[in-house]
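Novice: A structural model of the following input is requested.
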Amino acid sequence: MSSNIRVERICVHCKEQFIAKTFYTKYCSHKCSQKAYKQRIKQEKLEKVKEEQSVEKKVLKFNNISESADIESLNKKTYLSISEVCALMNLSDSTVRKLIKEERIKMIRLGKKHIIVKSEIENLMK
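Specialist: Next comes the predicted model:
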């Protein structure tokens, strides 16, 4: 089935103008189509690797926090860092920071370090 339709298009890959015989044509040639396909596959692989690395980083960070902070030793402390509060309350870092921003948990800043009084956490639980 031949078509008499002629549509001027711009190639998605090489950005050159060409005449397409269908409305769905994206590339000016088979060669451009192949190059775009290979580029798309390569990009998908890179995104997959980045996603896996970010998930691994989050898991490692969570494991380091929970391993380094025993709950018994945290119960004895009167002043806690954000990561220790996360381990003690089993919350994520972003949740604790949101509670601080909403001023539901009051904290003291010493330089770049955030210190939270344990009584603030106990008041939050009530």
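Novice: quick one: residues in contact with the worst-scoring helix or strand of the chain on mean pLDDT.
Specialist: The weakest-scoring helix or strand in the chain, judged by mean pLDDT, DSSP states H and E, is helix 71-76 (a mean of 78). Helix 71-76 has contacts (CB atoms under 8 Å, 6 or more residues apart in numbering) with L80, E84, A87, L88. Where C-beta positions appear, they are placed from N, C-alpha and C, glycine not excepted.
Novice: surely the second one meets D70?
Specialist: Meaning E84. No. Using CB atoms under 8 Å, E84 is not in contact with D70; the gap is 10.3 Å.
Novice: which one of those two has more residues nearby?
Specialist: Shown here are E84 and D70; by other CB atoms under 10 Å, E84 has more neighbours (20 against 11).
Novice: ok, then the element right after the helix or strand encompassing that one?
Specialist: E84 belongs to helix 82-89 when assigned by DSSP states H and E. Using DSSP H and E, the helix or strand that follows helix 82-89 in sequence is helix 93-101.
Novice: and that following helix, what's buried?
Specialist: Under the neighbour-count criterion of 16 or more other CB atoms under 10 Å, helix 93-101 has V96, R97, L99, I100 buried.
Novice: how about a markdown table for the contacts of helix 71-76, with pLDDT and distance to N123 added?
Specialist: Below are these laid out as a markdown table (pLDDT from 0 to 100; distance: CB to CB, whole Å):
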| residue | pLDDT | distance to N123 |
| --- | --- | --- |
| L80 | 89 | 14 |
| E84 | 86 | 17 |
| A87 | 81 | 19 |
| L88 | 83 | 14 |
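Novice: any idea which of the residues you listed has the most stuff around it?
Specialist: Going by other CB under 10 Å, L80 tops the contacts of helix 71-76 with 23 neighbours.
Novice: please name the nearest non-neighbouring residue to that residue.
Specialist: I116 (5.1 Å; CB to CB, 6 or more residues apart in numbering).
Novice: measure the one you found to I71 for me?
Specialist: 16 Å (CB to CB, to the nearest Å).
Novice: thinking again about what came up before, distance between the least confident helix or strand of the chain and the chain's centre?
Specialist: Remark: helix 71-76 is offset 31 Å from the chain centroid, using CA atoms, centre = their mean, to the nearest Å.
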